[in-house]
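S.K.: Need a 3D model of the sequence below.
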Amino acid sequence: MHPWGVVAMIAFALACGEEEPAVDNAESSSQGEAGEADAGGEAETGPSGDGDGDGGDGDGDGDGDAPVDPCDETPGNTPLSIGERVRDVGGQGPDGEIFRVCSWAGIPFVMDISALWCAPCHDVAAFLSGNGGTGALEPYGADIKSLLDAGQIRWLTVVSEGEVFNGGVSLDDAQWWEQAYPHPHVEVIMDEDRKWANYMQAAYLPTIHSVDGDMALLGLQGDDANHPLGTIVALFP
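M.R.: Residues are numbered from 1 along each chain as shown. Got it, this is the predicted structure:
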């Protein structure tokens, strides 16, 4: 077992404190030239474009309503707001490959920022994996676990810090987390340069948000009207 327990009691107290979140000033990337249409549908489409303009060899119909490929752009920017399309920040998984949330387009999912020093984070992960966890995610825990087990939703755990508060994270940390709390519908990535923590404005851990099937922000932690778990459960009456 990973030696996080030594700091768990101190970390549990710190988990309720607030860190000043850094501001991510990265600009949204633009769509590629091929296949990009303006509001009137007059943009040209390149020879192999698949957009909605009226270019010579493209397959668009010229009405300007081509669907957006979530993997072709980086939508949104801080601050997060309900209904905003989430950014495809991405991150390295335990297998060393880059995971992109756009691969989950069409499936509602929950994303959380966690750390090895954070005892409540372990409680959430243990609950999801069926390896323990007491009051994690209440009052929506049972519904979330049922939806996750059935593959109706996904869960992204972003390991942002290792065993040391405000310290770095390594691939070994992400690998340990996945092995300790396995679930076929939970993806674990490491947040080596804190892109995810900054984007999700993580003031405390775990920070939990939810996203609908259209890749739009559905629920924010701390927003009672748009509870990150209540809103996703409501999608499955």
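S.K.: can you give me the strands for the protein?
M.R.: Remark: strands assigned in the chain by DSSP state E are 91-92, 98-99, 109-115, 154-161, 186-190, 207-211, 217-220.
S.K.: Adding mean neighbour count, write those strands out as TSV.
M.R.: To be clear about C-beta, it is placed using only N, CA and C from the backbone, and glycine gets the same treatment. Formatted as TSV, these follow (neighbours: other Cβ atoms under 10 Å):
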stretch	mean neighbour count
strand 91-92	18
strand 98-99	14
strand 109-115	26
strand 154-161	25
strand 186-190	24
strand 207-211	25
strand 217-220	23
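S.K.: For Ile98, list each beta-bridge partner.
M.R.: Counting by DSSP bridges, Ile98 is bridged to Gln92.
S.K.: so how far is Pro108 from it?
M.R.: 22 Å (Cβ to Cβ, to the nearest Å).
S.K.: what's the answer for Glu178, then?
M.R.: For Glu178, the distance to Pro108 - Cβ to Cβ - is 22 Å.
S.K.: What of Gly167?
M.R.: Separation of Gly167 from Pro108 (Cβ to Cβ): 32 Å.
S.K.: Show me which of these two is the more surrounded one.
M.R.: Of the pair Gly167 and Pro108, Pro108 is the one with more neighbours under other Cβ atoms under 10 Å, namely 22 against 11.
S.K.: Compare the strands of the chain and report which one is nearest to Glu138.
M.R.: strand 207-211 (12.8 Å; Cβ to Cβ).
S.K.: helices and strands around that closest one, which ones?
M.R.: Secondary-structure packing of strand 207-211 (3 or more Cβ pairs under 8 Å, 6 or more residues apart in numbering; DSSP states H and E): strand 109-115, strand 217-220.
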